[in-house]
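below are the sequence and a predicted model; questions follow.
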Amino acid sequence: QVQLVESGGGLVQAGGSLRLSCAASGRTSSYGFMGWFRQAPGKEREFVAAIARTSGVTTYADSVKGRFTISRDNAKNTVYLQMNSLKPEDTALYYCAAALSGTFNTWGQGTQVTVSS
């Protein structure tokens, strides 16, 4: 079992930056991928970015490509999401997730990101 705790959310003006962190504990060697998802009010949760634990290969949603960067520090069991050039439409509750057996099925509690115009 893996436990995930997000941090780093907050209020920022459009064009600003934030860095989210996700600290993992437990059987961290059992997951193959870590990812970030987000859910805005009244909308479904959507994929943002993911990174492979061993190879470091990354993938992004088209809406964040070129603005967001996902990275990992395996020694610290931590995954980061650097968010630059933030837009009001990036406002959402951001969740960290771990993929066991190829499916994202372990979730953190979420951290709120609010971007003001």
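Great, that's in hand. Residues are numbered from 1 along each chain as shown.

for the residue nearest the centre of the chain, what is the enclosing helix or strand?
For the chain, the residue sitting closest to the mean C-alpha position, by C-alpha atoms, centre = their mean, is residue 36 at 2.7 Å. Element membership for residue 36, per DSSP states H and E: strand 33-39.

need the strands for this protein, in chain order.
Applying DSSP state E to the chain gives strands spanning 2-7, 10-13, 18-26, 33-39, 46-52, 58-60, 68-73, 78-83, 92-100, 103-107, 111-116.

now tabulate these in CSV and tack on mean pLDDT.
Shown next, in CSV, are the strands of the chain (pLDDT from 0 to 100):
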stretch, mean pLDDT
strand 2-7, 94
strand 10-13, 98
strand 18-26, 95
strand 33-39, 97
strand 46-52, 97
strand 58-60, 98
strand 68-73, 96
strand 78-83, 97
strand 92-100, 95
strand 103-107, 93
strand 111-116, 98
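
re the thing from before, so what are the sheet partners of the strand holding residue 36 and their directions?
The strands beside strand 33-39 in its sheet (DSSP bridges) come out as strand 46-52 (antiparallel), strand 92-100 (antiparallel).

re the thing from before, from residue 27, how far out is the residue nearest to the centre of the chain?
20 Å (C-beta to C-beta, to the nearest Å). Backbone N, C-alpha and C define where each C-beta goes, glycine included.

again with residue 103
In this view, residue 103 and residue 27 are 16 Å apart by C-beta to C-beta.

how about the contacts made by the spatially most distant residue from the centre of the chain?
The centre of the chain is farthest from one residue, residue 117, which by C-alpha atoms, centre = their mean lies 22.3 Å away. Going by C-beta atoms under 8 Å, 6 or more residues apart in numbering, residue 117 touches 14, 88.

tell me how far it lies from residue 79.
For residue 117, the distance to residue 79 - C-beta to C-beta - is 29 Å.

the residue nearest to the centre of the chain contacts residue 70, doesn't it?
Yes: between residue 36 and residue 70 there is a contact under C-beta atoms under 8 Å: 6.5 Å.
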